[in-house]
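Engineer: Sharing a model that was predicted from the sequence below.
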Amino acid sequence: MTAKLIRNAYEAALTMTAVLLSWAAALALEGAAGLHTDVLVLAVALTLTLAASQRTADTRRRLTALVLLPATAGASIFLGRLIAAHYTAGAAVFTAGLALAIWIRRYGPAATKAGTLMTLPLIALLIVPGPALPPEAQSGLTTWFWSALVAALACCSIWLVQGLGDRFGPWRAEPVPERPRRRSRLHPRPSTRMALQMAAGVAAAFALGRLLFDGHWPWVVLTAYVAASGNRGRTDVLRKGVERLAGAVVGTLLATGVAAAGVTGHAAVALMFAVLAVALWLRPLNYAYWAAGMTCALSLLLGYFGQDAQHLLPTRLEGIAVGAVLSVASAWWLLPVPRRRTAEG
């Protein structure tokens, strides 16, 4: 266990170094071009979510990421504004995009990796508080061009740090051998089942999120996605839903303590990065650690954007609980994937 914790700490340090480098580049870009602060959040969100998939990527996969991620990041800006202006239409496009990214897994490993890259800006859209901001604040947000540039900076930051780590660090990346593909005998295929389950859960999250939580609907949608992603069956979705809820409760308690201590400004930003580092370190042990860290970090982020994070924490927990229930219900009653899944074909 000690050796695993040390290795986890090293990998977390690499990721956080890339995050800080990307954040610093975005900060310089923000000052030079007079951009909105959301460009910093986008840089951090994309770097955090992309780092793991690029750790063992070859040159071809990295070039694919350099093309596909900026393109989808730019497109996500238009989607965010569509959600803000026409919620129902934007929610439908968002849901279809997530489902498509899962459905194309049937075409092999390359399509699976492309689908993952397509998903990252959509998830970042839920973290960056753009679509949930008032309409008058929309005009000041980052444009598609700057978002695409930030995505490219995130890619370069990750590759630079990981490359230096492989060259001078104590450990090199260890590629995970890919399992041979076998055609599934299930009808519909697992990829189709998971795509439909994701679409049902996320669509319901958009509907209930807006109905029950108004502008805080992203919390419901984000949880519905997280609990259903990588669906390995009913038990897996239930476990992730419970872990995310449990982690969120712990993160809520941490954020409440931070708010009570009056930590603001640059100190809050530094603390947010420290919390993310610890969450990354412990994430391989249990997803609840990551959920707790993300809840606390996002609460600090809300405070940075002027929202009363402490007052909103109960609402956040309610939204997370609703999103988890929706994903579990979708996985259990809509074309449930058997426990012993056959590999996708």
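Structural biologist: Nice, I can see it.

Engineer: so R172 touches G163, yeah?
Structural biologist: No - contact status for R172 versus G163: not in contact, 10.6 Å apart, counting by CB atoms under 8 Å. In this view, the C-beta of every residue, glycine as well, is placed from N, C-alpha and C.

Engineer: The protein: strands as residue ranges?
Structural biologist: Read by DSSP state E, the chain holds no strands at all.

Engineer: Name the single longest helix found in it.
Structural biologist: helix 2-33 (DSSP state H).

Engineer: Which of the residues in that one are classified as buried?
Structural biologist: By neighbour count on 16 or more other CB atoms under 10 Å, the buried set for helix 2-33 is 8, 11-23, 25-26, 29-30.

Engineer: Work out the gap between it and the centre of the chain.
Structural biologist: From the chain centre to the centre of helix 2-33 is a distance of 16 Å (CA atoms, centre = their mean, to the nearest Å).

Engineer: per-residue confidence averaged over that helix?
Structural biologist: Per-residue pLDDT over helix 2-33 has a mean of 92.

Engineer: per-domain residue ranges of this structure.
Structural biologist: For the chain, the structural domains run 1-171, 188-345, going by automatic domain parsing.

Engineer: which residues does the nearest residue to T315 once chain neighbours are set aside contact?
Structural biologist: Nearest non-adjacent residue to T315, counting by CB to CB, 6 or more residues apart in numbering: H216, 5.8 Å away. Contacts for H216 (CB atoms under 8 Å, 6 or more residues apart in numbering) come out as A132, G209, L312, T315, R316, G319.

Engineer: Just flag the most distant two among those residues.
Structural biologist: Of all pairs drawn from the contacts of H216, the one with the longest distance (CB to CB) is G209 and L312, at 14.2 Å.

Engineer: And the two? Which one has more around it.
Structural biologist: G209 (28 against 18; other CB atoms under 10 Å).

Engineer: I104 versus that one, what's the distance?
Structural biologist: Noted for G209: a distance of 26 Å to I104, by CB to CB, to the nearest Å.

Engineer: same thing with A24?
Structural biologist: 35 Å.

Engineer: Name the nearest residue to the residue most central in space within the chain, ignoring sequence neighbours.
Structural biologist: Residue closest to the average C-alpha location in the chain (CA atoms, centre = their mean): I123, at 4.6 Å. In space, and not counting its chain neighbours, I123 is closest to T49: 6.2 Å by CB to CB, 6+ apart.

Engineer: show me what contacts that neighbour?
Structural biologist: Contacts of T49 (CB under 8 Å, 6+ apart): L120, I123, A124.

Engineer: got the contact list for the second one?
Structural biologist: With contacts taken as CB under 8 Å, 6+ apart, I123 has the following neighbours: A45, T49, L222, Y225.

Engineer: Can you redo those as CSV, where the extra columns are pLDDT and distance to V249?
Structural biologist: What follows is those, written out as CSV (pLDDT from 0 to 100; distance: CB to CB, whole Å):
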residue, pLDDT, distance to V249
A45, 90, 23
T49, 89, 23
L222, 88, 16
Y225, 88, 20
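
Engineer: Quick one: neighbours of the nearest residue to L212 once chain neighbours are set aside, just the number.
Structural biologist: Nearest residue to L212 in three dimensions, chain neighbours excluded: V322, at 6.8 Å (CB to CB, 6+ apart). V322 has 20 neighbours, counted by other CB under 10 Å.

Engineer: Then A57?
Structural biologist: A57 has 19 neighbouring residues, counting by other CB under 10 Å.

Engineer: Skipping adjacent residues, who's closest to it in space?
Structural biologist: Per CB to CB, 6+ apart, closest to A57 is A65, 7.1 Å.

Engineer: do S229 as well
Structural biologist: The shortest distance from S229 to any non-neighbouring residue, by CB to CB, 6+ apart, is to M198 (7.6 Å).

Engineer: my guess is that neighbour meets I102, correct?
Structural biologist: Yes - using CB under 8 Å, M198 is in contact with I102, at 5.6 Å.

Engineer: Between these two, tell me which one has more neighbours.
Structural biologist: The neighbour comparison of M198 against I102 (other CB under 10 Å) goes to I102, with 27 against 24.

Engineer: mind listing what the more buried one touches?
Structural biologist: G115, S191, M194, A195, M198.

Engineer: how much space between the first one and T72?
Structural biologist: Spatial separation of G115 from T72 under the definition CB to CB is 11 Å.

Engineer: The last one now?
Structural biologist: For M198, the distance to T72 (CB to CB) stands at 17 Å.

Engineer: Contacts only, for the nearest residue to I102 once chain neighbours are set aside.
Structural biologist: Nearest residue to I102 in three dimensions, chain neighbours excluded: A195, at 4.2 Å (CB to CB, 6+ apart). Taking CB under 8 Å, 6+ apart, we find A195 in contact with A99, L100, I102, W103.

Engineer: By neighbour count, which of these wins?
Structural biologist: I102 (27 neighbours).

Engineer: tell me the pLDDT at the residue nearest to I102?
Structural biologist: For A195, the model assigns a pLDDT of 90.
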